[in-house]
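**Student:** Next one to model:
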Amino acid sequence: MAEQAGAARYVMAIDQGTTSTRAIVFDHGGAIVSSGQLEHEQIFPQAGWVEHDPREIWDNTREVIGQALAKANLTRHDIAAVGITNQRETTVVWDRTTGEPVCNAIVWQDTRTQPIVDELAAEGGVDRFKDKVGLPLATYFSGTKIKWILDNVDGARVKAEAGTLLFGNTDAWLLWNLTGGVDGGIHATDVTNASRTLFMDLESLAWDQEILDAFGVPATMLPEIRSSSEVYGTVHSSQLLREVPVAGILGDQQAATFGQAAFAAGEAKNTYGTGCFVIVNTGEEIVRSRNGLLTTVGYRLGDAEPHYALEGSIAVTGSLIQWLRDNLGLITSAPEVEDLARSVKDNGGVYIVPAFSGLFAPHWRSDARGAIVGLTRYANRGHIARAALEATAFQTREVLDAVNADSGVPLTELKVDGGMVANDALMQFQADILGVDVIRPKVIETTALGAAYAAGLAVGFWNDLGELAANWGEDKRWSPRLDGAERERQMRLWKKAVTKSMDWIDSDTVTA
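**Tutor:** Predicted coordinates for the structure are as follows:
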């Protein structure tokens, strides 16, 4: 193993995201050498339900690994280690004897489990378990999805209680398959993914039996909780990367934070993807939010103490642009939205609140649904496009206001990453509405980079965090141009728009 790590020149990260799976090869300087990417189907069986096919995700993973190796003419001997980063909370339940999922994966955006949330919250409210797990009861997290599967898929509960079924977020699903599946696959996850289930005690970093009993979920289903950076096992002999160590796992938002080299308490980043996720490192201290943020694990390296974080999770940002393209046909490709938004000088009084899955941080309102407000005959396609972009910036400002209130130390700048940061108009407006500088790094694929870093550290490809921090470089900076009074006027109107999206879901609403 040490010989291979010494000879190999690269680390590969598998980035299993909400809309696609990618394999990216990084060199020692943190630069991208090659990549492969495949989208997978977004399945919407009915309103509020969002699913993926886990078998398609696994098939795509194998194919993108081959693409990334082939593009750079590499073999397994060139790869020192593999890291995994993944869409968090998306829930896969499969049969350990056959390797077959019992149903499609239930995606983090899915809202079908609201009745389960209500049932569990009847005793103690939505914060019933928050002191232990750092999370409110919400449809967002894995725990309610597992319970739904056991309660609603024929035979699932009987199999689970017999010890036949396994659960994992997509990281655990890929790790199990990469390391052999039914032929000795390793069933494990890392602390960051475990902290998104509603089942892990933040202090002990162990599954909480009392909470499992409340949910009716057998502990035998759950993966072993391990650190974010260690050798979990090696890739099975049937795979292209056979014998390469799988050595890093980080949930996507924690991975992006790690890839941004935000290793110290007080450092923060915002990732602009399907949703938006602000994470602030709180060091070895568990900080309980009083302002609608989540307390989560940031990372744990081997046997070292874990680092914790505060997180503001926004459900819909990039997926709003996809909605303009796929559902409304307003644009034919996502990059077009910037040109369309620039065709008007302002939003024309139009605000879009994209509460497609309710409102996440800092509101946590499952009764909210999407709203477009402020429409007049003056409004056109450009105003709608601009309002869609601005919704991302407004939601980020709300979350950062909560971060500032919890920390007591206002952020002076914001590091950003993810696909939407290529949009200059959005980044400028983000700086305008925050009133602080927004900084994009040279490598914007920080999610995959974070997973690569975790894996490389575990096998000695990189020596320490200082070496990783030295790789980080600034690409572009946006400074605020908006007058302070205008900034606060726009935020006032945004908050007014948010109130119009609330109290939409009634007991007889069919779109819940």
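
**Student:** Which residues outside stretch 109-116 are in contact with it?
**Tutor:** 18, 48-51, 106, 139, 144-145, 147-148, 151, 274-275, 315-316, 319, 356-358, 366, 512 (Cβ atoms under 8 Å, 6 or more residues apart in numbering). For glycine as for every other residue, the C-beta is placed from the backbone atoms N, C-alpha and C.

**Student:** got the buried residues for the helix of greatest length in the chain?
**Tutor:** If you go by DSSP state H, the chain has its longest helix at helix 381-407. Neighbour-count burial for helix 381-407, counted by 16 or more other Cβ atoms under 10 Å, picks out 382-403, 406-407.

**Student:** Same check on stretch 404-423?
**Tutor:** So, applying 16+ other Cβ under 10 Å, buried residues of stretch 404-423: 406, 407, 411, 414, 415, 416, 417, 418, 419, 420, 421, 423.

**Student:** before we move on, the earlier item: mind checking which of the contacts of stretch 109-116 are buried?
**Tutor:** Here, 16+ other Cβ under 10 Å leaves 18, 48, 50-51, 106, 139, 144-145, 147-148, 274-275, 315-316, 319, 356-358, 366, 512 buried among those.

**Student:** Next, residue 239: secondary structure please.
**Tutor:** coil (DSSP: H, G, I helix; E, B strand; the rest coil).

**Student:** Can you report how many residues lie near it?
**Tutor:** A count of nearby residues for residue 239, using other Cβ atoms under 10 Å, gives 18.

**Student:** Would you check how far apart the residue lying closest to it once chain neighbours are set aside and residue 98 are?
**Tutor:** Residue nearest to residue 239 in three dimensions, not counting chain neighbours: residue 178, with 6.4 Å by Cβ to Cβ, 6 or more residues apart in numbering. Taking Cβ to Cβ, to the nearest Å as the measure, residue 178 falls 18 Å from residue 98.

**Student:** what ranges of the stretch 401-512 of the chain fall below the confidence cut-off?
**Tutor:** Across the stretch 401-512 of the chain, the ranges flagged by pLDDT under 70 are 507-512.

**Student:** switch to 50 and redo it
**Tutor:** Along the stretch 401-512 of the chain, segments meeting pLDDT under 50 span 511-512.

**Student:** where do the helices sit along it?
**Tutor:** Remark: helices assigned in the stretch 401-512 of the chain by DSSP state H, counting those that start in this stretch are 424-434, 446-458, 465-471, 484-500.

**Student:** What are the buried residues along the longest one?
**Tutor:** Of the residues in helix 484-500, those buried by neighbour count under the rule 16+ other Cβ under 10 Å are 487, 490, 493, 494, 497, 498, 500.

**Student:** now that helix: how far from the chain's centre is it?
**Tutor:** Distance of helix 484-500 from its chain centroid, counting by Cα atoms, centre = their mean, to the nearest Å, is 27 Å.

**Student:** before we move on, what about stretch 267-283?
**Tutor:** The mean C-alpha position of stretch 267-283 is separated from the chain mean by 9 Å, Cα atoms, centre = their mean.

**Student:** Show me what the mean pLDDT comes to for it.
**Tutor:** Throughout stretch 267-283, pLDDT has a mean value of 87.

**Student:** what separates residue 127 from residue 38, distance-wise?
**Tutor:** Taken as Cβ to Cβ, the span from residue 127 to residue 38 is 40 Å.

**Student:** Which residue of these two possesses the greater neighbour count?
**Tutor:** A direct count of neighbours by other Cβ under 10 Å for residue 127 and residue 38 places residue 38 higher, at 16 against 12.

**Student:** would you say that one is within a helix?
**Tutor:** No. Assignment of residue 38 by three-state DSSP gives strand, placing it outside any helix.

**Student:** In terms of helices and strands, where is the residue lying closest to it once chain neighbours are set aside?
**Tutor:** Spatially, and ignoring its direct neighbours in sequence, residue 38 is nearest to residue 60 (4.2 Å; Cβ to Cβ, 6+ apart). Element membership for residue 60 (DSSP states H and E) is helix 54-71.

**Student:** for that helix, packing partners?
**Tutor:** strand 10-16, strand 20-26, strand 32-39, helix 170-178 (3 or more Cβ pairs under 8 Å, 6 or more residues apart in numbering; DSSP states H and E).

**Student:** what distance separates stretch 471-486 from the middle of the whole chain?
**Tutor:** The chain centre lies 24 Å from the centre of stretch 471-486; the measure is Cα atoms, centre = their mean.

**Student:** Could you do stretch 318-333 as well?
**Tutor:** Relative to the centre of its chain, stretch 318-333 is centred 21 Å away, using Cα atoms, centre = their mean.

**Student:** What average pLDDT does it get?
**Tutor:** The model assigns stretch 318-333 a mean pLDDT of 90.

**Student:** Look at it and report the distance between its end residues.
**Tutor:** End-to-end distance for stretch 318-333, by Cα to Cα, to the nearest Å: 12 Å.

**Student:** One more: stretch 145-160?
**Tutor:** 14 Å.

**Student:** try stretch 461-480
**Tutor:** By Cα to Cα, one end of stretch 461-480 lies 39 Å from the other end.

**Student:** which residues sit against it?
**Tutor:** Under Cβ under 8 Å, 6+ apart, the answer for stretch 461-480 is 5, 8, 11, 28-30, 80-81, 260-261, 263, 424, 427-428, 430-432, 434-444, 453, 455-457, 487.

**Student:** The longest helix of the chain versus helix 484-500: what angle between them?
**Tutor:** With axes from the mean of the first three to the mean of the last three Cα atoms, to 10 degrees defining the directions, helix 381-407 sits at 100 degrees from helix 484-500.

**Student:** gap between helix 381-407 and the chain center?
**Tutor:** That offset, for helix 381-407, works out to 18 Å (Cα atoms, centre = their mean).

**Student:** Could you list every helix and strand in contact with it?
**Tutor:** Packed against helix 381-407, as judged by 3+ Cβ pairs under 8 Å, 6+ apart, are the following elements: strand 268-272, strand 276-283, strand 307-314, helix 318-326, helix 336-342, strand 351-353, helix 424-434, helix 484-500.

**Student:** relative to strand 276-283, how tilted is that helix?
**Tutor:** Using the same axes, to 10 degrees: helix 381-407 against strand 276-283 is 20 degrees.

**Student:** where's stretch 68-83 relative to the chain centroid, distance-wise?
**Tutor:** 25 Å.

**Student:** Relative to residue 134, which of the helices and strands packed on helix 54-71 is closest?
**Tutor:** helix 170-178 (18.9 Å; Cβ to Cβ).

**Student:** Pull the number of nearby residues for residue 61.
**Tutor:** Residue 61, neighbours per other Cβ under 10 Å, totals 26.

**Student:** Dump the helices and strands packed on helix 381-407 to a markdown table, plus distance to residue 133.
**Tutor:** Output for these, formatted as a markdown table (distance: least, Cβ to Cβ, whole Å):
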| stretch | distance to residue 133 |
| --- | --- |
| strand 268-272 | 22 |
| strand 276-283 | 16 |
| strand 307-314 | 12 |
| helix 318-326 | 26 |
| helix 336-342 | 37 |
| strand 351-353 | 28 |
| helix 424-434 | 30 |
| helix 484-500 | 27 |
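
**Student:** hang on, residue 411 packs against residue 402?
**Tutor:** No. With contact defined as Cβ atoms under 8 Å, residue 411 does not count as touching residue 402 (11.4 Å).

**Student:** if I pick the closest residue to residue 415 other than its chain neighbours, what's in contact with it?
**Tutor:** Spatially, and ignoring its direct neighbours in sequence, residue 415 is nearest to residue 269 (4.4 Å; Cβ to Cβ, 6+ apart). By Cβ under 8 Å, 6+ apart, the residues touching residue 269 are 256, 257, 260, 262, 278, 279, 414, 415, 416, 417, 446.
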